[in-house]
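# Just to be clear, the model below is a prediction. Sequence and coordinates:
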Amino acid sequence: MTQRSTTYSRITPRKIRVIGVPLDLGQSRRGVDMGPSAVRVAGLEARLEAIGHMVEDAGNITVAIPEQKKEGASNAKYLKEITATCTKSADLVMRTLEEGKVPLILGGDHSVAAGSVSGVAEFCRRKNQKIGLLWIDAHSDMNTPESSPSGNVHGMPLASIMGLAPDDLANIYGFSPKVQPENCVLIGIRDVDSFEKENIRKSGVGVFTMRDIDERGMRAVMEEALAMASNGTAGFHVSLDMDWIDPEDAPGVGTPVWGGATYREAHLAMEIISDNGGLLSFEIVEVNPVIDERNQTADLAVELVLSAFGKKIL
């Protein structure tokens with residue numbers, strides 16, 4: 001009988017810088033500003049170091065709170081303050097990459113992604129390179145001030161990244177789009193506003209809905225998405241909204257929607273991302289400990305980060 005050999009996984013150590021962006025100006029439900037703390041309490045740094053990485057924590061970027069500011073235009077609330085925060089975080093993300101470290105951004109609501117992606121895109125642009133983007137979320141976040149039913153900017157960051165609007169966010173570093181449509185992929189969306197659908201179609205981005213995952217399986221979807229994000233790019237940024245996962249496993253999120261990815265599907269997706277080797281930066285957003293149960297959503301967030309950074313069963 002031929003004996004099958006087993007190859008155990010080895011993790012290539014990476015220098016990771018944790019960046020907290022406790023922004024909760026982008027949505028109506030409060031509490032996501034405590035997300036970075038909840039993820040840290042779940043042992044993020046120690047657990048990453050335990051699998052072989054070198055981790056430093058840069059602390060939190062200072063952000064305004066609603067009690068300090070006026071919300072401004074009703075169709076893009078707190079846009080000025082959100083743009084200022086995203087610009088600061090973009091600068092820190094870019095410096096982190098220049099120092100040879102991997103930015104690991106902890107939100108906050110999903111509007112923080114406009115800053116994260118801008119920093120990675122500018123770092124690569126200065127080297128005449130492009131980036132890919134995996135937008136893993138229950139929502140497409142492709143509203144503009146004109147299409148948004150709520151005026152909440154956490155529903156607009158991908159629109160700004162793709163150069164649609166709002167202009168303040170779209171023009172961080174003076175160029176847009178930050179990612180070419182053929183290198184941007186939405187994964188697992190299942191809750192899209194009616195006017196937002198037209199923005200998605202016009203943008204030309206790749207889209208895999210939860211139906212695609214149901215019909216084709218997570219492996220096929222992730223492999224195709226990674227091929228798109230990697231085509232002609234220096235690598236890709238992952239923007240993971242915890243509401244992508246079903247509320248049964250991730251109850252503590254800003255905007256829960258039933259019918260999301262399961263616990264194992266989420267881990268499989270992260271493991272496939274790790275296997276690809278093209279990860280430039282990673283962010284995890286919308287953890288809301290106010291409505292969580294015993295910090296289980298933050299704990300799952302840490303587990304998924306570990307899988308994305310190389311932890312495997314064997």
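Received, thanks.

# helices and strands around the worst-scoring helix or strand of the chain on mean pLDDT, which ones?
Across the helices and strands of the chain, mean pLDDT, DSSP states H and E gives its lowest value to helix 194-203, namely a mean of 91. Applying 3 or more C-beta pairs under 8 Å, 6 or more residues apart in numbering; DSSP states H and E, one finds that helix 194-203 contacts no other helix or strand. Using the backbone N, CA and C atoms, a C-beta is placed for each residue, glycine as well.

# tell me how far that helix is from the chain's mean position?
In this view, helix 194-203 has its centroid 20 Å away from the chain centroid, taken as C-alpha atoms, centre = their mean, to the nearest Å.

# Show me what it is in contact with.
Helix 194-203 is touched from outside by 140, 142-144, 147, 149, 155, 159, 162, 164, 181, 184, 186, 192, 207, with contacts defined as C-beta atoms under 8 Å, 6 or more residues apart in numbering.

# Output the below-cut-off pLDDT ranges for the stretch 1-150 of the chain.
Flagging of the stretch 1-150 of the chain using pLDDT under 70 yields the residue ranges 1-9.

# can you map out the helices along it?
Listed in chain order, the helices of the stretch 1-150 of the chain (DSSP state H, counting those that start in this stretch) span 35-41, 44-50, 79-98, 113-125.

# Taking the contacts of helix 194-203 together, which two end up most distant?
149 and 181 (24.3 Å; C-beta to C-beta).

# Contacts only, for residue 239.
110, 113, 116, 117, 133, 134, 135, 136, 137, 283, 285 are the contacts of residue 239 under C-beta under 8 Å, 6+ apart.

# switch the cut-off to 6 Å
Going by C-beta atoms under 6 Å, 6 or more residues apart in numbering, residue 239 touches 113, 135, 283.

# The last one: helix or strand, and which one exactly?
Taking DSSP states H and E as the definition, residue 283 sits inside strand 279-285.

# which ones are touching the closest residue to residue 130 other than its chain neighbours?
Residue nearest to residue 130 in three dimensions, not counting chain neighbours: residue 233, with 4.7 Å by C-beta to C-beta, 6 or more residues apart in numbering. Residue 233 makes contacts with 130, 131, 132, 183, as judged by C-beta under 6 Å, 6+ apart.

# Then residue 163?
The contact partners of residue 163, taken as C-beta under 6 Å, 6+ apart, are 170, 176, 177.

# any idea how far it is from residue 92?
Shown here: residue 163 relative to residue 92, a distance of 23 Å by C-beta to C-beta, to the nearest Å.

# And for residue 205?
From residue 205 to residue 92 the distance is 26 Å (C-beta to C-beta).

# And those two? Which one has more around it.
Neighbour totals were compared for residue 205 and residue 92, and residue 205 leads with 25 against 19 (other C-beta atoms under 10 Å).

# Could you count how many residues lie near residue 214?
Residues lying near residue 214 (other C-beta under 10 Å) number 11.

# how about the strands of the chain, start to end?
Taking DSSP state E as the test, the strands found in the chain are 15-21, 54-60, 102-107, 132-136, 184-189, 206-209, 236-241, 279-285.

# distance of the residue lying closest to residue 270 once chain neighbours are set aside from residue 296?
What sits nearest to residue 270 in space, not counting adjacent residues and going by C-beta to C-beta, 6+ apart, is residue 307, at 3.6 Å. According to C-beta to C-beta, residue 307 and residue 296 sit 16 Å apart.

# Which residue of those two possesses the greater neighbour count?
residue 307 (20 against 14).

# how much space between that one and residue 137?
According to C-beta to C-beta, residue 307 stands 18 Å off from residue 137.

# Could you pull up phi and psi at the closest residue to residue 151 other than its chain neighbours?
Leaving aside its sequence neighbours, residue 151 sits nearest to residue 75 (C-beta to C-beta, 6+ apart; 4.6 Å). Here is the backbone geometry of residue 75 (degrees, to the nearest 10): phi -100, psi 0.
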